[in-house]
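Colleague: how would this look folded up:
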Amino acid sequence: MTVAEWCVFGTLMLYLLTLAAAKWTASGRFDNSNPRDPAFYNDPIRARALGAHQNGIEAFPFFAFAVLLAEFRVGPLRLIDELAVLFLIVRIAYVFTYLGNRPTLRSILWTIGFTINVAIFFLPMIRGYLRV
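Modeller: Here you go, the predicted model:
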């Protein structure tokens with residue numbers, strides 16, 4: 001497996017663990033028989049964890065598809081790997097800024113992450129212009 005493919009897995013685990021951590025730290029207040037109870041997410045940190053989790057679900061498909069497409073279309077593998085690692089780092093920072101209630105920085109990080117995704121997606125098209 002390539003580094004980028006491991007980053008796809010890491011991104012998947014990140015959005016799963018974001019919400020899992022909020023549930024584990026709830027000190028028995030999470031009811032697994034009613035996992036979508038809105039009252040559980042009344043706590044501000046848990047509400048932000050849910051938001052980060054949902055955004056991870058939204059961001060994941062494009063990232064996974066961009067990586068697989070770039071690899072399938074024989075984009076520059078080293079650059080795909082580097083951008084995928086950068087995306088994962090940005091997503092980790094994004095989750096921390098979401099949990100830390102830093103909306104401006106969070107929006108900046110989201111934009112950076114989206115730009116990285118677009119770059120990965122178009123790598124096969126511009127590979128002839130790159131010196132890699």
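
Colleague: shouldn't residue 10 be in contact with residue 87?
Modeller: No: the pair residue 10 / residue 87 is not scored as a contact, 9.6 Å apart, by CB atoms under 8 Å. Where C-beta positions appear, they are placed from N, C-alpha and C, glycine not excepted.

Colleague: Phi, psi for the closest residue to residue 44 other than its chain neighbours please.
Modeller: The shortest distance from residue 44 to any non-neighbouring residue, by CB to CB, 6 or more residues apart in numbering, is to residue 101 (7.4 Å). Backbone torsions for residue 101, taken as degrees, to the nearest 10, come to phi 60, psi 50.

Colleague: if we can go back for a sec, so between residue 10 and residue 87, which is more surrounded?
Modeller: residue 87 (27 against 17; other CB atoms under 10 Å).

Colleague: after whichever strand or helix holds the more buried one, next one along is what?
Modeller: Per DSSP states H and E, residue 87 falls inside helix 77-99. As assigned by DSSP H and E, the chain's next helix or strand after helix 77-99 is helix 103-126.

Colleague: Any chance you could list what contacts that next one?
Modeller: 4, 55, 59, 62-63, 65-67, 69-70, 73-76, 79-80, 83-84, 86-87, 90-91, 93-94, 97-98, 130 (CB atoms under 8 Å, 6 or more residues apart in numbering).

Colleague: Can you point out the buried residues in that helix?
Modeller: Neighbour-count burial for helix 103-126, counted by 16 or more other CB atoms under 10 Å, picks out 106, 109, 110, 112, 113, 116, 117, 119, 120, 121, 123, 124.

Colleague: Any chance of a markdown table for the residues you listed, columns distance to residue 48 and pLDDT?
Modeller: Formatted as a markdown table, those follow (distance: CB to CB, whole Å; pLDDT from 0 to 100):
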| residue | distance to residue 48 | pLDDT |
| --- | --- | --- |
| 106 | 10 | 97 |
| 109 | 14 | 98 |
| 110 | 14 | 97 |
| 112 | 19 | 98 |
| 113 | 17 | 98 |
| 116 | 23 | 98 |
| 117 | 23 | 97 |
| 119 | 28 | 96 |
| 120 | 27 | 96 |
| 121 | 29 | 95 |
| 123 | 33 | 91 |
| 124 | 36 | 88 |
